[in-house]
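Peer 1: only the shape, not the letters, is given here:
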């Protein structure tokens, strides 16, 4: 039982990265209809930025949780203004190819600047060691990552469901055509929502910095699993992105523990099963299928 609980905590911690990044990807897809392939590269940039700022300026992990998402938000705003918006009227495939090409450029630039070996990152002393609960030993950092991610998701949910701003953004995300028909200026929210989605990917990268190897390629495998997450949860579904993120984290961790060779295969088998039973995903709308 202790072993199962430990793997569960590890799975929820791993799922936290997917949940935060998928939440941003779901919001972007809902408002713009853009399947953004560069999300993995933005996740990587969040981790790289945290490591570089710690090395150059001594910026602590706690400050990085605030500063790096703001930097990625600004990067997302520039990306949408300079690149993405010019292709919105065309087939979505064009923006997919654009963001795919952008991710290749970002990865190559990081490799040229910092090489292919991992950058060091010092885990905050407060989050080292283990929490002992009875006979159960849980890594302190993994518990923090899970609780912090849940807190962020809850705050985003409260903003989306309890404020006028959230109501407008949610309408633009879930029913953009209907929102326009009711007089909501969806275009006004495109840029900040896109930046917000990028910021969430950057936040996931900061959380991953003390936990995973910080390399230019760390987002490559991440984006593949992330797309499985959003398909399972349902394209454009905010709740689905979060639930599927944690679910995939659990599946991946238990797969690595009991059948390592098939760990990632199980994720895509799960995705295929969900699509066969419900093409729109667990929480997606049928018109998105």
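Peer 2: Now that the structure is in, tell me what you want to look at. The model shown is predicted, which means the values in this text are computed figures rather than measured ones. Numbering: from 1, shown residues only.
Peer 1: just the strands in the stretch 101-250 of the chain please.
Peer 2: Secondary structure of the stretch 101-250 of the chain (DSSP state E, counting those that start in this stretch): strands at 130-133, 136-139.
Peer 1: for the first one, name the packing helices and strands.
Peer 2: Counting contacts by 3 or more C-beta pairs under 8 Å, 6 or more residues apart in numbering; DSSP states H and E, strand 130-133 packs against strand 136-139, helix 140-162. In short, each C-beta sits where N, CA and C put it, glycine included.
Peer 1: now the ones you listed as JSON lines including mean neighbour count?
Peer 2: Output for those, formatted as JSON lines (neighbours: other C-beta atoms under 10 Å):
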{"stretch": "strand 136-139", "mean neighbour count": "16"}
{"stretch": "helix 140-162", "mean neighbour count": "17"}
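Peer 1: worst average pLDDT in these?
Peer 2: In terms of mean pLDDT, the lowest-scoring of the helices and strands packed on strand 130-133 is strand 136-139 (a mean of 80).
Peer 1: among the helices and strands packed on strand 130-133, which comes closest to residue 106?
Peer 2: helix 140-162 (23.9 Å; C-beta to C-beta).
Peer 1: would you confirm that residue 168 contacts residue 189?
Peer 2: Yes: in this structure, residue 168 is within contact of residue 189 by C-beta atoms under 8 Å, at 6.8 Å.
Peer 1: more neighbours: those two, which one.
Peer 2: residue 189 (20 against 17; other C-beta atoms under 10 Å).
Peer 1: show the pLDDT at the more buried one.
Peer 2: 76.
Peer 1: close enough to count as contact, it and residue 171?
Peer 2: No: contact between residue 189 and residue 171 fails when scored by C-beta under 8 Å: they sit 9.5 Å apart.
Peer 1: just to revisit the earlier point, so which of the strands of the stretch 101-250 of the chain gets nearest residue 40?
Peer 2: It's strand 136-139; of the strands of the stretch 101-250 of the chain, that one is closest to residue 40 (C-beta to C-beta) at 24.6 Å.
Peer 1: can you give me the helices in the stretch 1-150 of the chain?
Peer 2: Using DSSP state H, counting those that start in this stretch, the helices of the stretch 1-150 of the chain run over 2-32, 39-57, 61-82, 92-114, 140-162.
Peer 1: now tabulate these in CSV and tack on distance to residue 178.
Peer 2: Converted to CSV, the helices of the stretch 1-150 of the chain look like this (distance: least, C-beta to C-beta, whole Å):
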stretch, distance to residue 178
helix 2-32, 13
helix 39-57, 26
helix 61-82, 23
helix 92-114, 20
helix 140-162, 17
